[in-house]
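Undergrad: Fold the following and give me the result.
(one chain, ligands or ions: 1)
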Amino acid sequence: MCGITGYIGYRDAYPIIINGLQRLEYRGYDSAGVVLYDGKQINLSKTKGKVSDLLNKFDAEDAKKGNVGIGHTRWATHGVPNDVNSHPHTSQSGDLVIVHNGIIENYDTIKKELINRGYTFHSDTDTEVLINLIEEVKKNNNVKLGKAVQIALNEVVGAFAIAVFDIEKPDEIVVAKLGSPIAIGIGKDNTEFFIASDASPFLEYTKDAIYLEDEEMAIIKVGRAIEIRKINDDSVVTANVQELQMNLEQIEKGGYDHFMLKEIHEQPRAITDTFRGRLLKDEAIIKMAGIEDNMKRFLNAERILIVACGTSWHAGLVAEYIFEEFARIPVEVEYASEFRYRNPIITEKDIVIAISQSGETADTLAAIKMAKSKGAFVFGVCNVVGSSISRESDAGAYTHAGPEIGVASTKAFTTQITVLTLIALRLARAKGTMSSSDFRMYLHEMELIPNKVEKLLEIDSKVEEIARKYLLSTNFLYLGRGFNFPVALEGALKLKEISYIHAEGYPAAEMKHGPIALIDDRMPVVVIATNKGHYDKVVSNIQEIKSRQGKIIAIVTEGDTVVKEIADHVIEIPDTEEALTPLLTTIPLQLLSYYIAVMRDCNVDQPRNLAKSVTVE
Ligand code: F6R
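TA: Coordinates of the predicted model:
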């Protein structure tokens, strides 16, 4: 977690760093800080709170001066969020300054050694330990900053993305990476450089970027090509300069009040982009390089293990139903955090599919590394191109959702389901578990989904009305069956995380084994009751809720007449094949949680205690 920005060049660093931090706030937002060097001295400002709180510290124009600086927006790991624990941190002498994303696991041992050598610490952070270690190494070995950083990093255990500078040599910033991302934007003729946890802070300045790999460090000096080295053996690495495909529009709100609402409304486009070039209806084929190149492995797989966290785990659960139904391959869906720490039975005949929007989730990354070490073939389904999970996977398929900035995942979920459905359909054809007429029918139905989502988004104001009725509720129950059981879980998660209302998702038939005791006239129950699958059984569940005075918000198929008679509120979705309904039933649940959160005055895009990518355990 945490966002890092930095600038060195000929422009004022302050606006670049501040705007950059605001774009990176999705990574953490419990404190923020900036340090600038104005040619004579450093000006360091930091505070508990958001970047907007930090701006209050810059009343004096003088404090904004400088062509070099680094900034940080934090999601606390070591030490509570307060002014002192905020980054940047300075070394004991005050000469070295650092921002850090990650965790130094052996910080305590190093701290004790440094205390014995006369260092005093002001914060509870592992980062202050790291900057003092760098200072101690630099002093003792009489080396330059780059070398000192390298020696120090070889002594630490953990994960990091850091940016460091020395006020004695303010024309240079040293960055390094292990486990946490860092990108470097390159200005024309090396006259300026930008540093950031992702490329969004420097999109308007340059399209040329280098993403450091794990165990690499870079010495960035104005007027000189970047020098990249391996941290552990000092070998020189050739810089791989990429042209960024992202544009500014994609990372701005574009007239919406919140990124979450924008991203909900982007789903028709995102789903289309995800199947573009892959779903070829006229030729009746699905083309996905990552599957074609490894078809033999998929056909011989005895089992598919899906590992993921949070919303991505819910997409995995939907995929379990779809893979088993279409391709008749046994699937197990695992929380990456549990999977990595037990001793799972994995063989070379297993395929592990890792699902992750960010591609940086620490538990998912660790789970695939473990599965690979046991011989499994790892297939990554990620949204962020070039992310750690996509690089660590043997093969994969990107979702093309575009940048997802709202902390609550929306378009990432529906595009993950889209990719996984395409894979299941492709395998079903290859295995012969689906007839060619059914296959064609599914391709046709899939292609209609974006328009159906578009139509569904028109119910916006109806959902808003329902939200108004239940905004003061303290509990919600979400029920669904079959393909829509995971959607019930996802609906509950969305509500919890952005409106702080307690919500539970359950398979509808499980209600009578416990949760039914919760139902009274104050309990809203969201029931997904589309007209296929277990419709009659879900209708019986709705009756059971009704008899206990629960308030029913039902998601039904257009033209439904039965549920309409019983439910308090009905939201209609366009008709489609049962296996594809999650792509539609999800939409009203996203909108419901959004409107309730807005009406409760919650920070929708940056809910408390959360961050967009969880790069720590
Ligand atoms: C919920 C949410 C999280 C993420 C989870 C995994 O809205 O966003 O539950 O789904 O942290 O993140 P990724 O998909 O980046 O691995």
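Undergrad: ok but I220 is inside a strand, no?
TA: Yes: secondary structure assignment places I220 in a strand (DSSP: H, G, I helix; E, B strand; the rest coil).
Undergrad: That one contacts V174, doesn't it?
TA: Yes: the pair I220 and V174 qualifies as a contact (C-beta atoms under 8 Å) at a distance of 7.3 Å. For glycine as for every other residue, the C-beta is placed from the backbone atoms N, C-alpha and C.
Undergrad: Return the residues of this structure in contact with the ligand.
TA: Taking C-beta under 6 Å from any ligand atom as the contact definition, the chain meets the ligand at 309-312, 356-358, 361, 364, 408-409, 493, 497, 613-614.
Undergrad: On the three-state scheme, the spatially closest residue to V34 that is not a sequence neighbour is what?
TA: Distances taken as C-beta to C-beta, 6 or more residues apart in numbering place G71 nearest to V34, at 4.2 Å, with adjacent residues excluded. The three-state assignment at G71 reads strand, by three-state DSSP.
Undergrad: how does this protein divide up, domain by domain?
TA: 3-247, 253-456, 459-617 (automatic domain parsing).
Undergrad: Let's see the distance spanning the second one from one end to the other.
TA: Using C-alpha to C-alpha, to the nearest Å, the end-to-end distance of domain 253-456 comes to 21 Å.
Undergrad: Distance from the chain centre to that domain, please.
TA: Taking C-alpha atoms, centre = their mean, to the nearest Å, one finds the center of domain 253-456 at 15 Å from the center of the full chain.
Undergrad: wait, what's in contact with the residue in the stretch 151-300 of the chain that the ligand sits nearest to?
TA: When distances are taken as C-beta to the nearest ligand atom, the stretch 151-300 of the chain reaches nearest to the ligand at M260, 9.4 Å away. With C-beta atoms under 8 Å, 6 or more residues apart in numbering as the criterion, the residues that contact M260 are G406, A408, T410, I498, Q590, Y594, V604, D605.
Undergrad: try it again with 6 Å
TA: Each residue near M260 by C-beta atoms under 6 Å, 6 or more residues apart in numbering is listed here: G406, A408, Y594, V604, D605.
Undergrad: what do you get for R328?
TA: Neighbours of R328 in contact, by C-beta under 6 Å, 6+ apart: T433.
Undergrad: 10 Å - rerun?
TA: L427, A428, K431, G432, T433, M434 (C-beta atoms under 10 Å, 6 or more residues apart in numbering).
Undergrad: Grab the two from these that are most spread out in space.
TA: Taking C-beta to C-beta as the measure, the contacts of R328 reach their widest spread between L427 and G432, a distance of 10.2 Å.
Undergrad: what's around whatever residue of the chain ends up closest to the ligand, how many residues?
TA: Scanning the chain for proximity to the ligand using C-beta to the nearest ligand atom identifies G310 as nearest, at 1.9 Å. A count of neighbours around G310, defined by other C-beta atoms under 10 Å, yields 22.
Undergrad: now do A76
TA: Using other C-beta under 10 Å, A76 has 20 neighbouring residues.
Undergrad: I'd say it and S123 touch.
TA: No: under the contact definition of C-beta atoms under 10 Å, A76 does not touch S123, with a separation of 11.1 Å.
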